[in-house]
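Colleague: Provided below for reference: sequence and predicted model.
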Amino acid sequence: MEILHEPKDMQQWVRAQRRTGATIGLVPTMGYFHDGHLSLMRLAQQHADIVVVSLFVNPTQFGPSEDLDRYPRDLERDMLMLRREQVTAVFVPTPELMYPPGFQTEVRVQHLTTHLCGRTRPNHFAGVATVVTKLFNIVQPDVAVFGEKDYQQITVIRRLVADLNLPVRIVGGPIVREDDGLAMSSRNANLEPLHRASALSLSSGLSLARELYRKGERDAASIAATVQRHILSFPFTAIDYVSLIDSRSLEPVQQADAHTRLALAVHIDGKVRLIDNGLLSPSPQDGNI
């Protein structure tokens, strides 16, 4: 497995692979891998000859009061997992290499970023869009794989690719869950055992919304209010948002239908921010809840 740090070295390595006719798949990550990440790497292997994983905790997508310093990191563990997955190369730049002195360019997607996470994290998606654009320019992938747990993120990236005519195909990987239903996230490592049951309020809230929809409830405000009460019935929970949205536009809906998605963001004990989402009328690959 090739380990590359400098953007110029990554670009040179990619050019050499291109000369062999190989197609390239990219899995952008911030590390501290779990089975959800590994599923994206395996999905990328189905769509490309070689797989590059980027491992970079991107500081520009964290706000000043967010968890950049507490975001879990274990490079040695991650490298071992990458080798087991037979990843071809890993790109591990530093913030100084990605944002050298004098850096002053930003990429923004306007409307999709004003909903959901964008309401309380106003600069988050500019950081995401900028770093993803840089990664696409450095790795030049044919396909890039992102997890659908970050549903707003993958929607923003698809818009970015379409608007800027970037020659990369975006593939979404379904949410992977723990046996108890909790959506896998690197931030789960920061949960205290005492708070685990409260963290499960997201997945059980999603199950509740789906049950209401199955029984014929279509009023979005009513479904959202029931889910909010459910989440707040658990200790240590503080809601960022409970939103029923159209999966295509991310706009809030008044009446639920087959395209309606419940999107959730909840703070656990004021320290760990978790997100989850799912269609109210799920398909079989939407997880085990």
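Modeller: The structure has been received and is ready for your questions.

Colleague: name the helices or strands packed onto the helix or strand where F136 lies?
Modeller: Assigned by DSSP states H and E, F136 belongs to helix 124-139. Counting contacts by 3 or more C-beta pairs under 8 Å, 6 or more residues apart in numbering; DSSP states H and E, helix 124-139 packs against helix 7-19, strand 24-29, strand 50-55, strand 89-91, helix 117-120, helix 151-163. All C-beta spots, glycine's among them, are computed from the backbone N, C-alpha and C.

Colleague: Check those for me: which has the lowest mean pLDDT.
Modeller: Ranked by mean pLDDT, these bottom out at helix 117-120, which scores a mean of 94.

Colleague: could you dump the helices and strands packed on helix 124-139 to JSON lines with mean neighbour count?
Modeller: Converted to JSON lines, these look like this (neighbours: other C-beta atoms under 10 Å):
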{"stretch": "helix 7-19", "mean neighbour count": "15"}
{"stretch": "strand 24-29", "mean neighbour count": "26"}
{"stretch": "strand 50-55", "mean neighbour count": "25"}
{"stretch": "strand 89-91", "mean neighbour count": "23"}
{"stretch": "helix 117-120", "mean neighbour count": "16"}
{"stretch": "helix 151-163", "mean neighbour count": "20"}
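
Colleague: looking at those, which is closest to A225?
Modeller: helix 117-120 (18.6 Å; C-beta to C-beta).

Colleague: so where do the helices sit in the chain?
Modeller: 7-19, 35-47, 75-84, 95-98, 117-120, 124-139, 151-163, 196-199, 201-214, 220-232 (DSSP state H).

Colleague: and of those, who's closest to R261?
Modeller: Here helix 151-163 is closest among the helices of the chain (C-beta to C-beta), at 6.9 Å.

Colleague: Helix or strand, whichever it is, which one in this structure has the lowest mean pLDDT?
Modeller: Taking mean pLDDT, DSSP states H and E as the measure, helix 117-120 is the helix or strand of the chain with the lowest mean score, a mean of 94.

Colleague: tell me what that helix is packed against?
Modeller: Using 3+ C-beta pairs under 8 Å, 6+ apart, helix 117-120 sits against helix 124-139, strand 237-246.

Colleague: which residues touch L116?
Modeller: Q152, Y241, S243, I245, L250, A263, A265 (C-beta atoms under 8 Å, 6 or more residues apart in numbering).

Colleague: Name the nearest residue to the residue nearest the centre of the chain, sequence neighbours excluded.
Modeller: In the chain, the centroid-proximal residue (C-alpha atoms, centre = their mean) is D150; its distance is 3.3 Å. In space, and not counting its chain neighbours, D150 is closest to I275: 7.0 Å by C-beta to C-beta, 6 or more residues apart in numbering.

Colleague: quick revisit: let's have the helices and strands packed on helix 117-120 in TSV, adding distance to A183 and mean neighbour count.
Modeller: Rendered in TSV, the data for those read as follows (distance: least, C-beta to C-beta, whole Å; neighbours: other C-beta atoms under 10 Å):
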stretch	distance to A183	mean neighbour count
helix 124-139	18	21
strand 237-246	15	19
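
Colleague: Format these as JSON lines; extra columns: mean pLDDT and distance to P72.
Modeller: Shown next, in JSON lines, are the helices and strands packed on helix 117-120 (pLDDT from 0 to 100; distance: least, C-beta to C-beta, whole Å):
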{"stretch": "helix 124-139", "mean pLDDT": "98", "distance to P72": "19"}
{"stretch": "strand 237-246", "mean pLDDT": "98", "distance to P72": "20"}
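
Colleague: mind checking which of those is nearest E2?
Modeller: From these, taking C-beta to C-beta, the stretch that ends up closest is helix 124-139, at 12.1 Å.

Colleague: relative to strand 50-55, how tilted is the closest one?
Modeller: Relative orientation of helix 124-139 versus strand 50-55 (axes from the mean of the first three to the mean of the last three C-alpha atoms, to 10 degrees): 140 degrees.

Colleague: which residues touch helix 124-139?
Modeller: With C-beta under 8 Å, 6+ apart, helix 124-139 has contacts from 7, 10-11, 14, 24, 26, 28, 52, 54, 56, 58-63, 91, 98, 105-109, 112-113, 117-118, 144, 152-153, 156-157, 160, 164, 166, 168.

Colleague: what angle separates it from helix 151-163?
Modeller: 50 degrees.

Colleague: Just want the angle from the helix holding F136 to helix 7-19.
Modeller: 50 degrees.

Colleague: and helix 124-139, how far out from the chain's middle?
Modeller: 13 Å (C-alpha atoms, centre = their mean, to the nearest Å).
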